[in-house]
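Chemist: When you get a sec, could you give me coordinates for this:
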Amino acid sequence: MVIKTNLPPNSENLEKILKISRTASWKIFGKKIRFYAPSFTHYQNHYFHSSSIAFQSISITGNSCSQNCKHCGGKILRSMISTPTPDTLFNVCKNLKAKGCTGCLN
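Modeler: Residues are numbered from 1 along each chain as shown. You can find the predicted model right below:
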């Protein structure tokens, strides 16, 4: 669904545009917020437990990371599904959906 407005996107109209967007979002999706946790780490507490399939982590760069941050060094990419091409990404997402996956983190 596309919401169109004749308001030019400037700071004067920001509040009006946000209100229109919020109203449309609530109408389409409701007011519930859903939080997902990546599937590469298991989480469990009184309120939530993660699923190994519900929200998959996907890397569109394979094992390559240009950031190479000290806390990770690209190691987290090893736990993600590698999808280095658009076709691979599409096919992986299609297969994950067929298995019951709710969403993914790229």
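
Chemist: Look through the protein and tell me its longest helix.
Modeler: Criterion DSSP state H: the longest helix present in the chain is helix 14-29.

Chemist: Could you name the helices and strands sitting against the least confident helix or strand in the chain by mean pLDDT?
Modeler: Among the secondary structure pieces of the chain, namely its helices and strands, strand 103-105 has the lowest mean (mean pLDDT, DSSP states H and E), a mean of 77. Applying 3 or more CB pairs under 8 Å, 6 or more residues apart in numbering; DSSP states H and E, we find strand 103-105 packed against strand 55-59. Backbone N, C-alpha and C define where each C-beta goes, glycine included.

Chemist: in its sheet, what does the strand it packs on sit against?
Modeler: Using DSSP bridges, the strands paired with strand 55-59 in its sheet are strand 81-82 (parallel), strand 103-105 (parallel).

Chemist: Give the buried residues for the longest one.
Modeler: This means strand 103-105. Cys104 (16 or more other CB atoms under 10 Å).

Chemist: does Met12 sit in a helix, a strand or a coil?
Modeler: Quick fix: residue 12 is Glu, not Met. Assigned state for Glu12: coil (three-state reduction, DSSP: H, G, I helix; E, B strand; the rest coil).

Chemist: Tell me, how many residues neighbour it?
Modeler: For Glu12, the tally of surrounding residues (other CB atoms under 10 Å) stands at 9.

Chemist: From Ala24, how far off is it?
Modeler: Distance of Glu12 to Ala24, computed by CB to CB, to the nearest Å: 20 Å.

Chemist: Same question for Ile53.
Modeler: Applying CB to CB, one obtains 31 Å for the distance of Ile53 from Ala24.

Chemist: and the nearest residue to Ile17 once chain neighbours are set aside, what does it touch?
Modeler: Excluding its sequence neighbours, the residue lying closest to Ile17 (CB to CB, 6 or more residues apart in numbering) is Leu7, at 5.9 Å. Contact partners of Leu7, counting by CB atoms under 8 Å, 6 or more residues apart in numbering, are 13, 16-17.
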